[in-house]
Every structure is written in structure tokens, then in C-alpha cells.
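Asks: fold the following and give me the result.
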Amino acid sequence: MKMIDINRPQAWNGKGLTGNWLLTLKIDGVRALWHDELGWLSRAHKPLYNIPAWQRGGARDCEVFVGTHSDTIRATRTKSPKGDTPSIENEHLYGLEPLDPRLGWGNLTNPRAEDILAQLQRANELGYEGLVLRQGEHWIKVKPEETHDVAITGFAEGKGKHRGRLGYVTTDKGAVGAGFTDVQRQFLWSEAMTRRLVGQVIEVSCMQITPNGQFRHPFFLRMRPDKCAS
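Replies: Next up, the predicted model:
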């Protein structure tokens with residue numbers, strides 16, 4: 001299946017930048033890519049549902065957002081909508097390429113780290129997830145904490161009160177055991193027992209990545225069914 005090429009922003013290294021940068025807002029939605037034969041697809045090449053069909057002249061690379069990340073996941077992943085399924089209107093599609101004017105946030109020239117952080121705080125206070133700085137095809141994402149999307153490579157049963165449910169998962173960047181609720185541990189253990197857990201993608205926050213590529217103080221944030229292991 002041939003997909004359109006998309007830009008994948010790299011994480012900001014916390015340092016100042018040189019040159020002129022377009023400052024754009026980052027919303028906590030689901031990225032949707034239009035395929036002429038298959039319709040809207042996620043980055044994992046999985047079908048997305050309930051999104052208005054692409055219209056000529058519109059962006060083929062969009063962020064879908066209906067108010068919260070969880071509602072957006074539910075809306076785009078529900079094949080047969082129910083009464084409480086959030087509806088997706090054209091106004092909930094934010095073009096990334098070309099850029100939706102609503103995401104424009106101005107320009108920065110030779111921004112220092114403190115300039116970028118000040119803009120990030122301003123965006124966060126207004127409810128946005130973060131920023132994306134663009135310089136041509138070079139995009140840099142800036143978020144209030146360092147987060148990584150990683151595939152689950154293994155798992156282990158918990159001990160003590162967590163016996164009979166998930167204790168931790170393993171990833172290429174190390175084990176992650178903190179951040180799971182009891183309900184999530186129970187659900188993910190059932191996924192593990194039916195051989196559906198390994199390969200799923202999770203979002204993890206951490207203090208930093210060590211020189212050997214491992215998480216330092218990792219914390220589970222959420223499942224990312226909209227992303228693929230690659």
C-alpha cells in the first residue's frame with residue numbers, strides 16, 4: 001500500500017536554535033492520512049472511522065481533535081458509532097501540510113532555549129499539548145516533558161497486590177512499571193494472556209534518555225493504538 005510521505009517531527013534537545021522558525025501549535029489528537037482508495041488511515045496504516053471525506057484542495061495530512069485525546073481515539077476507532085460516540089466535523093480536522101491557519105503561532109528568529117520555553121508555557125496555559133517549530137522540512141516538537149512512543153517487547157506478572165495482573169512491560173528502552181492503574185494492569189494482563197500485548201505501542205514519559213539509550217525514571221502515560229511499532 002502506498003502512503004503519502006509525511007513529516008515526523010524530532011524531539012527538541014533543549015537548546016537554542018539558529019535561523020528563522022515557524023512556530024505552530026501541537027494538539028493532542030490523532031494524525032490522519034488520506035489514501036485515495038482506502039480513505040483516512042492512521043500512521044500505523046489502520047483505518048480511521050467517522051472522519052468527513054477528504055475534499056479537493058484540503059489537507060491530506062491532518063490532526064483530528066474533538067476535545068480530548070481519549071474522545072478523539074474513541075471517535076476515530078469506532079467502526080459502528082453509538083449514541084455516545086463523539087462526532088467528527090470538518091472543523092475538527094487541522095491540516096498539517098498545508099498548515100491550518102488555526103495552528104499558526106508566529107515566528108522566531110535565532111530563539112534561545114528560554115524563548116522556546118516561554119512560548120511553550122504560553123501554549124500549555126491555553127490548553128495545547130505543545131509546539132512544533134518548522135524550518136522548511138525540518139520539524140521539531142516541543143512538549144513540557146520528554147515523552148517517547150515505544151513498542152512493547154515483553155511483560156511480567158506483578159507481585160504482591162498485583163499478582164494475577166500486569167507488573168511491568170519491557171521495551172527497547174527498558175522496563176516500564178510505573179503509571180499503570182489497577183484497571184489498566186488487569187486489562188493489559190488479559191491482552192498479554194491472549195498474546196495481543198507484545199507489539200502494541202505505549203507513550204512513556206521519562207526524566208531523560210541515558211547515554212546507552214535507556215529510560216531514566218519511566219512512567220506509563222497511555223496506550224497509542226494510533227501508532228505503529230516502527
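Asks: list the helices and strands the helix or strand of the chain with the lowest mean pLDDT packs on?
Replies: Here the helix or strand of the chain ranked lowest by mean pLDDT, DSSP states H and E is strand 208-209, holding a mean of 76. If contacts are counted by 3 or more CB pairs under 8 Å, 6 or more residues apart in numbering; DSSP states H and E, strand 208-209 sits against strand 146-151, strand 215-216. All C-beta atoms are positioned from the backbone trio N, CA, C, and that covers glycine.
Asks: pLDDT value on the residue lying farthest from the centre of the chain, please?
Replies: What lies farthest from the middle of the chain is Gly160; by CA atoms, centre = their mean that is 32.7 Å. Here the pLDDT value assigned to Gly160 is 93.
Asks: still on that earlier bit, partner strands of the least confident helix or strand of the chain and their direction?
Replies: With DSSP bridges as the test, strand 208-209 is paired with strand 215-216 (antiparallel).
Asks: distance from the partner strand to the middle of the chain?
Replies: Relative to its chain's centre, strand 215-216 lies at 19 Å (CA atoms, centre = their mean, to the nearest Å).
Asks: what residues does that strand touch?
Replies: His148, Thr171, Lys173, Gly174, Val176, Val204, Cys206, Met207, Gln208, Ile209, Thr210 (CB atoms under 8 Å, 6 or more residues apart in numbering).
Asks: can you tell me how far the closest residue to the third one other than its chain neighbours is from Glu191?
Replies: By that I understand Lys173. Spatial nearest neighbour of Lys173, excluding adjacent residues (CB to CB, 6 or more residues apart in numbering): Phe215 at 4.9 Å. Phe215 is 21 Å from Glu191, where distance means CB to CB, to the nearest Å.
Asks: and if you look at Arg222?
Replies: Per CB to CB, Arg222 is found 14 Å from Glu191.
Asks: who has more neighbours, the two?
Replies: Glu191 (17 against 14; other CB atoms under 10 Å).
Asks: contact partners for the more buried one?
Replies: Contacts of Glu191 (CB under 8 Å, 6+ apart): Leu197, Gln200.
Asks: the same query, at a cut-off of 10 Å, please.
Replies: Ile152, Phe155, Leu166, Leu197, Val198, Gln200, Met223 (CB atoms under 10 Å, 6 or more residues apart in numbering).
Asks: so which of the residues you listed belong to strands?
Replies: Phe155, Leu166, Met223 (DSSP state E).
Asks: now these in TSV, with neighbour count, distance to Ala53 and pLDDT?
Replies: Below are those laid out as TSV (neighbours: other CB atoms under 10 Å; distance: CB to CB, whole Å; pLDDT from 0 to 100):
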residue	neighbour count	distance to Ala53	pLDDT
Phe155	18	39	98
Leu166	24	39	97
Met223	17	28	94
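Asks: just those residues now: which is nearest Leu120?
Replies: Met223 (25.1 Å; CB to CB).
Asks: can you pull the contacts of that closest one?
Replies: So Met223 contacts Ile73, Ile152, Gln184, Phe187, Leu188, Glu191, Gln200, Val201, Ile202, Glu203 (CB under 10 Å, 6+ apart).
Asks: helix, strand or coil for Leu96?
Replies: Following DSSP: H, G, I helix; E, B strand; the rest coil, Leu96 is assigned to strand.
Asks: that one: how many residues sit nearby?
Replies: For Leu96, using other CB under 10 Å, the count is 22.
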